[in-house]
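>>> quick one, what's the 3D model for this:
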Amino acid sequence: MDEQALLGLNPNADSDFRQRALAYFEQLKISPDAWQVCAEALAQRTYSDDHIKFFCFQVLEHQVKYKYSELTTVQQQLIRETLISWLQAQMLNPQPEKTFIRNKAAQVFALLFVTEYLTKWPKFFFDILSVVDLNPRGVDLYLRILMAIDSELVDRDVVHTSEEARRNTLIKDTMREQCIPNLVESWYQILQNYQYTNSEVTCQCLEVVGAYVSWIDLSLIANDRFINMLLGHMSIEVLREEACDCLFEIVNKGMDPVDKMKLVESLCRVLQSAGFFSIDQEEDVDFLARFSKLVNGMGQSLIVSWTKLIKNGDIKNAQEALQAIETKVALMLQLLVHEDDDISSNIIGFCYDYLHILKQLTVLSDQQKANVEAIMLAVMKKLTYDEEYNFENEGEDEAMFVEYRKQLKLLLDRLAQVSPELLLASVRRVFSSTLQNWQTTRFMEVEVAIRLLYMLAEALPVSHGAHFSGDVSKASALQDMMRTLVTSGVSSYQHTSVTLEFFETVVRYEKFFTVEPQHIPCVLMAFLDHRGLRHSSAKVRSRTAYLFSRFVKSLNKQMNPFIEDILNRIQDLLELSPPENGYQSLLSSDDQLFIYETAGVLIVNSEYPAERKQALMRNLLTPLMEKFKILLEKLMLAQDEERQASLADCLNHAVGFASRTSKAFSNKQTVKQCGCSEVYLDCLQTFLPALSCPLQKDILRSGVRTFLHRMIICLEEEVLPFIPSASEHMLKDCEAKDLQEFIPLINQITAKFKIQVSPFLQQMFMPLLHAIFEVLLRPAEENDQSAALEKQMLRRSYFAFLQTVTGSGMSEVIANQGAENVERVLVTVIQGAVEYPDPIAQKTCFIILSKLVELWGGKDGPVGFADFVYKHIVPACFLAPLKQTFDLADAQTVLALSECAVTLKTIHLKRTLKQMYIHRADQEELALWAKLCGPRMCSVSSTRIPAFLASSSRDNSGVLPSASAA
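Numbers count the residues shown, from 1 in each chain. Below is the predicted model:
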């Protein structure tokens with residue numbers, strides 16, 4: 001072996017040595033014989049360096065995984081002997097190998113097992129066991145090998161081919177017949193021998209039992225000797241967590257519902273008598289988390305048994321199962337309310353399923369009602385934040401609590417299904433008592449009280465948020481709580497969690513303010529002052545900006561008396577903050593977008609006359625335009641690239657803010673009806689000069705392009721005079737990304753205005769195409785995936801443009817470009833349909849061809865188009881589906897095939913096909929036509945012709961000529 005290259009395996013080696021080691025590894029993988037050197041090194045213990053040993057196993061692993069079938073019988077035997085020799089050596093080593101080496105060796109053993117067990121090595125386990133016997137080091141490796149085998153055969157995280165899945169099923173079936181009883185016996189012996197002397201090996205063995213129990217005969221494990229031993233392990237501190245997990249896997253195993261019930265009940269009796277149900281006396285939270293998972297598994301297993309028995313009509317046993325479930329509820333509640341959230345979280349599944357049972361029962365007993373109330377109180381308690389929760393810098397622990405709260409919310413929703421009246425009454429009681437004394441109550445209790453009110457909105461669902469109509473008692477309770485919320489002054493509570501919950505709840509129940517509009521002013525003030533948009537916390541200000549926008553939009557009809565006051569109060573929040581003024585704005589630019597949209601909504605939906613709306617909109621947008629002009633001049637003069645970027649960002653924000661105000665307009669309230677056309681036209685004239693700025697082109701063009709998209713919708717024909725100049729600037733010095741983003745703008749204009757923009761399209765058609773072709777023809781490195789993807793996306797955009805032009809009935813735009821240019825365009829469409837393995841582009845190309853045949857395929861079509869149809873389009877319809885890259889298993893490819901068939905159908909309908917007929921069922925004639933298209937077509941897949949025929953004849957009755965008609 002290359003000793004110099006091996007030096008690079010050391011983690012402390014420099015980069016040159018590491019690169020050499022990687023290159024050597026690749027060399028050994030390719031070499032047909034190099035693996036033998038590694039095998040010899042392992043068998044003879046040539047190297048003492050751990051990383052070299054690991055390296056040798058990696059080489060062997062690659063050989064077994066990818067090249068084993070290429071080896072001779074002798075070479076395969078050598079690998080088996082090497083591994084057994086290495087295993088034998090471990091029995092004699094003074095020190096065990098490092099864990100990472102043992103794990104890698106186990107993986108190689110497992111790979112060899114799945115490859116050879118069914119054919120050449122049926123005695124695999126017996127050979128391993130004969131070597132390891134009860135030697136602790138050997139047992140450790142034996143158990144690691146078993147876990148690696150289970151991972152290869154069963155682990156759902158490992159993706160297997162259908163062939164591998166079939167092989168794995170056959171291996172498991174064979175193992176069940178030939179060796180599983182022996183393996184189970186070996187596990188029992190290991191557990192019995194090492195339970196008091198070697199906890200590590202014992203825990204490994206318990207993990208193996210838990211892994212294998214899911215697919216072996218349960219009676220081999222679920223018997224007195226095994227269960228008694230496992231229960232004994234529950235009392236040994238170092239073993240009980242693994243024993244818990246092992247029992248969980250046994251309980252989880254699918255089996256007859258009555259047998260499962262008996263198994264669970266017998267386990268519960270023993271555990272209870274051993275004192276495990278006395279949760280309050282247990283201090284080890286790690287064990288309790290595992291125990292909670294076990295109780296959850298037992299409870300859910302009983303519920304599954306109950307469900308099956310009810311379905312089978314076995315009422316007697318179903319009643320016993322329900323009784324068994326009920327006896328576990330007290331333990332479940334203890335675990336649910338435990339202060340450790342992991343312990344509580346692990347029992348939620350049982351709790352949720354238990355409530356589902358209660359939901360199905362027609363009448364609840366007093367005890368069941370008490371259980372529901374106890375669960376409700378537990379959920380309310382566990383929803384409460386801990387003192388340690390870090391609201392300003394939320395980390396992993398905080399994220400876990402947020403996820404835990406989501407689980408609790410599901411429980412609350414299920415409680416509402418079981419007893420909505422009880423939930424509503426409980427929440428009302430907690431809410432009212434808390435808000436009466438909110439000034440002296442801890443923040444987490446105030447927050448959870450408001451949170452519970454918020455959660456009721458989803459727990460007690462209604463149509464379109466109409467919580468305050470219909471059921472009088474419910475509407476009255478919610479209305480009463482909302483009135484308390486907005487009048488109690490709790491919005492002034494000095495904690496971010498309470499403040500945010502207040503605003504979230506106000507917006508969630510916005511319909512309340514249509515019933516009691518007198519409360520709108522005080523809520524608006526809360527949004528606008530130090531409690532909301534001017535809060536000391538940036539997090540609160542940001543979220544409030546979004547919620548304020550929602551609040552105003554949902555209540556726009558009630559906002560009229562407050563519009564000008566609101567606009568005055570948010571004036572400072574609308575200011576564009578140039579980079580040089582050093583002023584730290586209260587809101588980020590993203591948050592300001594919501595404020596501008598809110599201002600737009602207030603103006604547009606007001607009851608003011610058009611003149612007043614225009615004046616207010618001008619007051620809103622004029623400062624932006626003025627700042628824009630100043631900043632653009634500064635950008636043109638800026639030398640420092642960082643300053644250029646910050647100025648361009650600010651300019652982009654200005655355009656974005658103006659664009660966002662236009663979202664307020666609708667079909668009922670158009671720009672023209674509101675008298676605001678002139679204001680937005682002024683904005684256009686202000687923003688368009690940015691397109692000619694040579695600096696920071698990407699960001700400036702992106703912003704203006706977005707604004708143009710909005711103006712096409714809002715201003716309609718009034719925007720057209722600005723389009724030619726804007727397009728000319730956007731086509732200068734453009735990259736693939738620029739063109740990809742520009743083409744949708746042209747498509748929007750074309751689809752919306754059609755014939756009105758025909759002169760403009762005819763003028764800019766070839767300049768746009770030249771820009772596209774120039775980018776597509778630029779050379780790129782062969783392995784540059786990013787450049788290849790950009791070109792693919794640009795090609796799609798190009799074809800989408802041609803589709804828009806032809807689909808809008810404007811084929812004259814193409815026809816008037818001159819015969820040479822028309823042919824060039826048509827050839828690119830043929831190339832797109834056939835040459836590029838991109839089914840999305842192919843589909844678009846066939847749609848274009850079909851449309852052109854429909855428009856030009858008659859007697860009045862362009863000169864030469866008929867010849868083009870037969871020389872290029874018809875062959876393309878056969879060449880494309882016969883390409884090896886045309887994958888009919890792909891849904892997009894099937895759509896491309898369908899459009900290809902439609903193209904042929906259109907040709908048939910439009911022209912008299914004297915040269916050919918496509919018969920619905922005559923595959924031989926279709927294959928003959930394919931041969932005529934070129935020598936590449938001679939090997940036609942037997943599956944492609946029927947699929948093609950099916951597509952071409954779909955919905956085609958009486959259109960294509962039948963064989964008899966031909």
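
>>> what is the burial count for R166?
Residues near R166, counting by other C-beta atoms under 10 Å, number 11. Quick note: C-beta positions are derived from backbone N, CA and C, even for glycine.

>>> same question for stretch 646-661: list its buried residues.
Using 16 or more other C-beta atoms under 10 Å as the burial criterion, the residues of stretch 646-661 that qualify are 646-648, 650-661.

>>> L309 touches A321, doesn't it?
Yes: contact criterion C-beta atoms under 8 Å: L309 and A321 qualify, at 5.9 Å.

>>> who's more crowded, these two?
A321 (28 against 21).

>>> show me the contacts for the more buried one.
257, 261, 302, 305-306, 309 (C-beta atoms under 8 Å, 6 or more residues apart in numbering).

>>> dump those to TSV, plus pLDDT.
Output for the contacts of A321, formatted as TSV (pLDDT from 0 to 100):
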residue	pLDDT
P257	93
M261	93
L302	96
S305	95
W306	95
L309	94
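
>>> looking at those residues, which has the most residues close by?
Ranking the contacts of A321 using other C-beta under 10 Å puts L302 first, with 30 neighbours.

>>> surely it and E326 touch.
No: L302 lies out of contact with E326 (C-beta under 8 Å); the separation is 9.8 Å.

>>> for burial, what's the neighbour tally of L621?
Count around L621 with other C-beta under 10 Å applied: 25.

>>> wait, it touches C683, no?
Yes: at 6.0 Å, L621 and C683 qualify as touching, with contact defined as C-beta under 8 Å.

>>> wait, F350 touches N296, no?
Yes: with contact defined as C-beta under 8 Å, F350 reaches N296; the gap is 4.5 Å.

>>> any shared contact partners between the two?
Here F350 and N296 have no joint contacts, going by C-beta under 8 Å, 6+ apart.

>>> more neighbours, the two?
When neighbours are counted by other C-beta under 10 Å, F350 and N296 differ, and F350 comes out ahead with 27 against 23.

>>> mind listing what F109 touches?
By C-beta under 8 Å, 6+ apart, the contact set of F109 is 83, 128, 145, 148-149.

>>> check which helix or strand covers it.
In the assignment (DSSP states H and E), F109 maps to helix 99-116.

>>> also V655?
helix 641-661.

>>> how far away from the center of its chain is that helix?
31 Å (C-alpha atoms, centre = their mean, to the nearest Å).

>>> next secondary structure after that helix?
Next along from helix 641-661, by DSSP H and E: helix 677-687.

>>> if you count neighbours, what's buried in that next one?
677, 679-681, 683-684, 686-687.

>>> what is the rounded mean pLDDT of it?
For helix 677-687, mean pLDDT rounds to 95.

>>> tell me how far that helix lies from the chain's centre.
Between the centre of helix 677-687 and the centre of its host chain there is 40 Å, according to C-alpha atoms, centre = their mean.

>>> tilt between it and helix 641-661?
Per axes from the mean of the first three to the mean of the last three C-alpha atoms, to 10 degrees, the angle that helix 677-687 makes with helix 641-661 is 170 degrees.

>>> and helix 677-687, C-alpha only, in PDB?
Output in PDB follows, covering the C-alpha atoms of helix 677-687 (Å, rounded to 0.1, in the frame of the first residue of the first chain):
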ATOM      1  CA  SER A 677     -54.100  57.100 -12.500                       C
ATOM      2  CA  GLU A 678     -52.200  60.400 -12.600                       C
ATOM      3  CA  VAL A 679     -50.400  59.600  -9.400                       C
ATOM      4  CA  TYR A 680     -49.200  56.200 -10.600                       C
ATOM      5  CA  LEU A 681     -48.200  57.600 -14.000                       C
ATOM      6  CA  ASP A 682     -46.100  60.100 -12.200                       C
ATOM      7  CA  CYS A 683     -44.500  57.200 -10.300                       C
ATOM      8  CA  LEU A 684     -43.700  55.500 -13.600                       C
ATOM      9  CA  GLN A 685     -42.100  58.600 -15.000                       C
ATOM     10  CA  THR A 686     -40.000  58.900 -11.800                       C
ATOM     11  CA  PHE A 687     -38.900  55.200 -11.600                       C
END
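
>>> how about residues contacting that helix?
Counting by C-beta under 8 Å, 6+ apart, 614, 617-618, 621, 624-625, 628-629, 655, 658, 662, 671, 703-704, 707-708, 711, 714-715, 718-719, 722 sit against helix 677-687.

>>> and C693, backbone torsions?
Main-chain dihedrals, C693, degrees, to the nearest 10: phi -70, psi 130.

>>> which residue, other than its chain neighbours, is closest to it?
Sequence neighbours aside, L700 is the residue nearest to C693 in space, at 5.8 Å (criterion: C-beta to C-beta, 6 or more residues apart in numbering).

>>> could you check how far that neighbour is from F707?
Per C-beta to C-beta, to the nearest Å, L700 is found 11 Å from F707.

>>> for P561, grab the count of nearby residues.
Neighbours around P561, by other C-beta under 10 Å: 11.

>>> if we can go back for a sec, now the residue nearest to C693: how far from D890?
39 Å.

>>> so for those two, which sits in the more crowded spot?
L700 (23 against 12).

>>> list the contacts for E200?
D140.

>>> can you check the pLDDT for it?
We have a pLDDT of 94 for E200.

>>> where's it, which helix or strand?
Counting by DSSP H and E, E200 is part of helix 199-212.

>>> for that helix, the distance to its chain's centre please.
35 Å.

>>> what's the next secondary structure element after that helix?
helix 224-233.

>>> that next one - contacts with which helices or strands?
helix 180-194, helix 199-212, helix 240-252, helix 257-273 (3 or more C-beta pairs under 8 Å, 6 or more residues apart in numbering; DSSP states H and E).

>>> of these, which approaches L879 most closely?
helix 199-212 (53.0 Å; C-beta to C-beta).

>>> okay, buried residues for that closest one please.
Those would be 199, 201-212, for helix 199-212 by 16+ other C-beta under 10 Å.

>>> need the CA coordinates for it. CSV is fine.
Provided in CSV are the C-alpha atoms of helix 199-212 (Å, rounded to 0.1, in the frame of the first residue of the first chain):
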residue,chain,number,x,y,z
SER,A,199,-24.4,-3.3,31.3
GLU,A,200,-23.2,-2.1,28.0
VAL,A,201,-23.5,-5.5,26.3
THR,A,202,-26.9,-6.1,28.0
CYS,A,203,-28.2,-2.8,26.7
GLN,A,204,-27.0,-3.6,23.2
CYS,A,205,-28.8,-6.9,23.4
LEU,A,206,-32.0,-5.3,24.6
GLU,A,207,-31.8,-2.9,21.6
VAL,A,208,-31.4,-5.9,19.3
VAL,A,209,-34.4,-7.6,20.8
GLY,A,210,-36.5,-4.4,20.4
ALA,A,211,-35.4,-4.1,16.8
TYR,A,212,-36.1,-7.7,15.7
